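Engineer: my questions concern the predicted model and sequence given below.
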Amino acid sequence: MKFSEYMTEWLYGEDGYYATYKNIGKEGDFYTAVSTSKFFGGTIAKHIISLVDEGFLESNAVICEIGAHHGYFLADVCEFIYTLRPELLQTFNFVIIERFDDLQNQQRNYFNESFGDAVTLTHYKSLTELSCPNAFFIANEIFDAFPCELYYKGKTARVDGHNVEFDVDNTWVEEKAKKYNKDRGEIAIGYEEFALEMAASCEKFEFMSFDYGEMVARPDFSLRIYSKHKVLPFFIPKDNEDHIPREKLFSKSDITYDVTFAHVKDAYAQAGVEFIELKAQMVALIDMGMLDLLEMLKEKVDEKLYRQELEKAKMLIMPNFLGERFKMIRLRKA
């Protein structure tokens, strides 16, 4: 089978890694910005309010998270909107795009426990089900979870019994590899379709996404597996002491790769969506006012609680943790 089919089954098959709820954070396989601090969602809430103030977002706009897992991110956004501009909590339409019923139930239960009737949450399985005039789309670590093909010196990979062989000719993959100056590495599948679906779902929107990667493609493979906070290269030699047979990791651990943001940018450009900026997460969060939110907190709580939240928030912007390697991409259809 194609490697993209193998990865799809690994992550999204009937028994795939993301088909059921997984813990994220200390008890899971990896950390995300969402699991680190509420001020990640809080900073996005502040940015959303700024879009209302500048006239880009209407007060009845759709606020939509794509791939929300537990629902913490959008819930944090709602919590800070209530703190900063409570009337918008009643006029915004909050939406999650989530294909799996089990995760929809987790998200629905969490919102009910957190907000009761104060927030109405709507689910769709796909962007193709959504139609609206004005929206803000947000996603965290979504583009690295798209299936990919593996390319090596003119040949595309296939998988036979968890073994990878580079012996397939694939014109589309080869063209993408040449476009992004790769002689080896991952070529994402589905960015173009995803961008078209988003563009068709809404007349005017801003989309913001956070992921690890660079604008220019890496010159080598970045494919890796996360298992209990241990990073395992996908192509780890069998004689290496960390080697674990892939069949034991299949669907039980996360598999991911670095995003080539030039590919994301081009996919959206083809869909008629304008690229606004790419920034390190550290710079993006500071520019959107995270430090202002922390100052507000300092004035309202005791020193001990403030210090606890400050230490968590620092992890979002520290260069050696999430601040530098993660990037924010922002795109608009206006």
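Structural biologist: Here it is on my side, so go on.
Engineer: is it true that D144 lies in a helix?
Structural biologist: Yes - when the secondary structure is assigned by DSSP: H, G, I helix; E, B strand; the rest coil, D144 falls within a helix.
Engineer: how about low-confidence regions in this protein?
Structural biologist: The model of the chain has pLDDT under 70 over residues 20-35, 229, 239-242, 319-323.
Engineer: let's go with 90 and repeat that
Structural biologist: Applying pLDDT under 90 to the chain picks out residues 13-37, 67-71, 100, 102-103, 161, 217-219, 226-233, 236-248, 251-253, 297-325.
Engineer: helices of that one, start to end?
Structural biologist: 3-12, 33-36, 39-53, 72-84, 88-91, 101-115, 171-179, 191-201, 246-249, 261-270, 281-287, 290-300, 303-317 (DSSP state H).
Engineer: the first one - contacts with which helices or strands?
Structural biologist: Helix 3-12 makes packing contacts with strand 148-152, strand 155-160, strand 254-256 when contacts are defined by 3 or more Cβ pairs under 8 Å, 6 or more residues apart in numbering; DSSP states H and E. (Each C-beta comes from the backbone N, C-alpha and C, glycine too.)
Engineer: T120: which of the ones you listed is closest?
Structural biologist: strand 254-256 (31.4 Å; Cβ to Cβ).
Engineer: before we move on, back to that, as JSON lines, the helices and strands packed on helix 3-12 with distance to K298 would be great.
Structural biologist: As requested, the helices and strands packed on helix 3-12 are exported to JSON lines (distance: least, Cβ to Cβ, whole Å):
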{"stretch": "strand 148-152", "distance to K298": "43"}
{"stretch": "strand 155-160", "distance to K298": "52"}
{"stretch": "strand 254-256", "distance to K298": "36"}
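Engineer: I96: which of these is closest?
Structural biologist: Nearest to I96, of the helices and strands packed on helix 3-12 and by Cβ to Cβ, is strand 254-256 at 20.2 Å.
Engineer: note down every partner strand of that closest one and its orientation.
Structural biologist: Here strand 254-256 is paired, per DSSP bridges, with strand 224-227 (antiparallel).
Engineer: give me the residues contacting the strand it pairs with.
Structural biologist: Here strand 224-227 makes contact (Cβ atoms under 8 Å, 6 or more residues apart in numbering) with 29-30, 231-234, 244, 249, 252-257.
Engineer: I'd like to know which of those residues is nearest to Y212.
Structural biologist: T256 (8.4 Å).
Engineer: so what pairs up with the closest one in the strands?
Structural biologist: R224.
Engineer: what's the neighbour count on it?
Structural biologist: 24 (other Cβ atoms under 10 Å).
Engineer: going forward, the N-terminal residue is numbered 209.
Structural biologist: Sure thing, new numbering starts at 209, so read that last one as T464.
Engineer: in this structure it contacts F351, no?
Structural biologist: No - here T464 lies out of contact with F351, judged by Cβ atoms under 8 Å, at a distance of 9.9 Å.
Engineer: and the buried ones among the contacts of strand 432-435, selectable in ChimeraX?
Structural biologist: Command for ChimeraX that selects the buried part of these, burial taken from 16 or more other Cβ atoms under 10 Å:
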select :237,238,440,442,457,461,462,463,464,465
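Engineer: now the contacts of strand 432-435 in TSV, with distance to Y420?
Structural biologist: Shown next, in TSV, are the contacts of strand 432-435 (distance: Cβ to Cβ, whole Å):
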residue	distance to Y420
D237	15
F238	11
V439	12
L440	16
P441	15
F442	16
I452	23
L457	20
K460	22
S461	17
D462	13
I463	14
T464	8
Y465	9
